[in-house]
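1. task: produce atomic coordinates for the following.
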Amino acid sequence: MSTPSPRGSSRGFLLVVLAALCWGTSGISGRVVADRSDLSALDIAWYRLAIGALALLAAWAATSRRRGPAVRVPRPVAVRLGLIAAGLAGYQLAYFTAVERAGVAIATLVALGLAPLLVAVGGALLGHGRPQRATLVALGVALVGLTLLVGVSAGADSGTAVLLGALVATGSALGYAVVTVAGGGVPAGVPVTLVGFAGGALLLTPVVLAQGVSVPDDGTALAVLLYLGLVPSALAYGLFFTGVRTVPGAVASIVTLLEPLTATALATAFLGERLEPAAVAGGALLLAAVAGLYVRELGRRAERVAAPGA
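-> Got it, this is the predicted structure:
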């Protein structure tokens, strides 16, 4: 596998940022659907994957004439695709279940706060080497910022339900880490997003059928459900899987911490929630961590361009 170019690394970084911003709308979208229908967390997760898979399949079929010969998928890549499908299914189901039990703030904190740690550990165990010092520093700053950002609103919560929700969100973090680590090793040309969404939807289908398929009859719920399957799902994951090919998994997982920042901003703007000063400081730290990583990527690109023989 060829070494990614500096330009590809910077472009990949921006694609991951865009994906995180799109994902930031999923929490408020899922809440709207749940409030205006009788869909469970399993239903919302399944619809999200199924709608995304149909949209990706349509796009794949529409662009079939412009693609070259089919890319060979060796067994290691097939295993990665299977892990991505399982990770997506587990991540979606666990996240929406955690939101039901513990609320958006705690579910987001645990799921996205633990994910970078799990990605860094997973990458090291798979022989990708230890994360660079700058990445570890950015991770620490980002986690402090994320804790301040969502921990303020979660501070008053207590009880068994919150504890169980946090434990479920840990499973969500594990699923996301699996998707991030496995997705980084899939070569270009493989429809990783399509395979992941279709496989994830198929894995959840037997459980959905066993409990009975629920169809919302509210027009707003249907519209938001379609949005959830198209924008923060099909589009965002397509951007993410493209970007993560040239961005280290540990860096990508830190950048995606922009998701809870986006979600908090949307809640403030549209739901009238007031940000505490500590939450504002947390958002600033989170942005600083992501900006620092991007500046580092630009610096590495300039060094490679200026290097003799580059």
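
2. what's the helix or strand for the residue lying closest to residue 164 once chain neighbours are set aside?
-> Nearest non-adjacent residue to residue 164, counting by C-beta to C-beta, 6 or more residues apart in numbering: residue 101, 5.5 Å away. Every residue, glycine included, has its C-beta placed from N, CA and C. If you go by DSSP states H and E, residue 101 is part of helix 75-102.

3. quick one: mean pLDDT for that helix?
-> Across helix 75-102, pLDDT averages out at 89.

4. check stretch 257-265 too.
-> According to the model, stretch 257-265 has a mean pLDDT of 77.

5. in the helix holding residue 101, what counts as buried?
-> By neighbour count on 16 or more other C-beta atoms under 10 Å, the buried set for helix 75-102 is 77, 80-81, 83-102.

6. run through the neighbouring helices and strands of that helix.
-> Using 3 or more C-beta pairs under 8 Å, 6 or more residues apart in numbering; DSSP states H and E, the elements in contact with helix 75-102 are helix 26-35, helix 41-62, helix 104-125, helix 160-183, helix 192-211.

7. recalculate using a threshold of 6 Å.
-> If contacts are counted by 3 or more C-beta pairs under 6 Å, 6 or more residues apart in numbering; DSSP states H and E, helix 75-102 sits against helix 41-62, helix 104-125, helix 160-183, helix 192-211.

8. ok, residues contacting the shortest one?
-> Spelled out, that is helix 192-211. By C-beta atoms under 6 Å, 6 or more residues apart in numbering, the surrounding residues in contact with helix 192-211 are 46, 49-50, 52-53, 56, 60, 81, 84-85, 88-89, 186, 237-238, 241.

9. from the chain's centroid, how far away is the helix or strand following that helix?
-> Of the helices and strands lying after helix 192-211 in sequence (DSSP H and E), the nearest is helix 219-229. Relative to its parent chain, helix 219-229 has a centroid offset of 19 Å by C-alpha atoms, centre = their mean, to the nearest Å.

10. residues contacting helix 219-229, please?
-> 29, 32-33, 36-37, 47-48, 51-52, 216.

11. name the member of those with the most neighbours.
-> The residue in those with the most neighbours, by other C-beta atoms under 10 Å, is residue 52 (30 neighbours).

12. distance of that one from residue 148?
-> 32 Å (C-beta to C-beta, to the nearest Å).

13. again with residue 66
-> 47 Å.

14. same drill for these two, tell me which one is more crowded.
-> Higher neighbour count among residue 66 and residue 148: residue 148, with 20 against 6, using other C-beta under 10 Å.

15. just give me the neighbour total for the closest residue to that one other than its chain neighbours.
-> Leaving aside its sequence neighbours, residue 148 sits nearest to residue 282 (C-beta to C-beta, 6+ apart; 2.7 Å). Around residue 282 there are 25 other residues, counting by other C-beta under 10 Å.

16. what about residue 282, helix or strand, and which?
-> helix 277-306.

17. quick check: mean pLDDT of that helix?
-> Mean predicted confidence for helix 277-306 is 69.

18. ok, now stretch 110-128?
-> 68.

19. just the closest of the contacts of helix 219-229 to residue 140, please.
-> Nearest to residue 140, judged by C-beta to C-beta, of those is residue 29 at 30.7 Å.

20. could you measure from that closest one over to residue 18?
-> Residue 29 is 17 Å from residue 18, by C-beta to C-beta.

21. check residue 143 too.
-> Counting by C-beta to C-beta - residue 143 and residue 18 are separated by 22 Å.

22. so between the two, which is more surrounded?
-> residue 143 (21 against 15).

23. before we move on, what SS does that one have?
-> What DSSP: H, G, I helix; E, B strand; the rest coil gives for residue 143 is helix.

24. residue 238 now?
-> At residue 238 the chain is in helix, as set by three-state DSSP.

25. for it, which non-adjacent residue is closest in space?
-> residue 193 (4.7 Å).

26. same deal with residue 110?
-> Closest residue to residue 110 apart from its sequence neighbours, by C-beta to C-beta, 6+ apart: residue 169 at 3.7 Å.

27. do residue 22 as well
-> Per C-beta to C-beta, 6+ apart, closest to residue 22 is residue 236, 3.7 Å.

28. residue 166 too?
-> residue 110 (5.0 Å).

29. go on, residue 237?
-> residue 193 (5.0 Å).

30. pull the most distant pair out of the contacts of helix 219-229.
-> 36 and 52 (20.4 Å).
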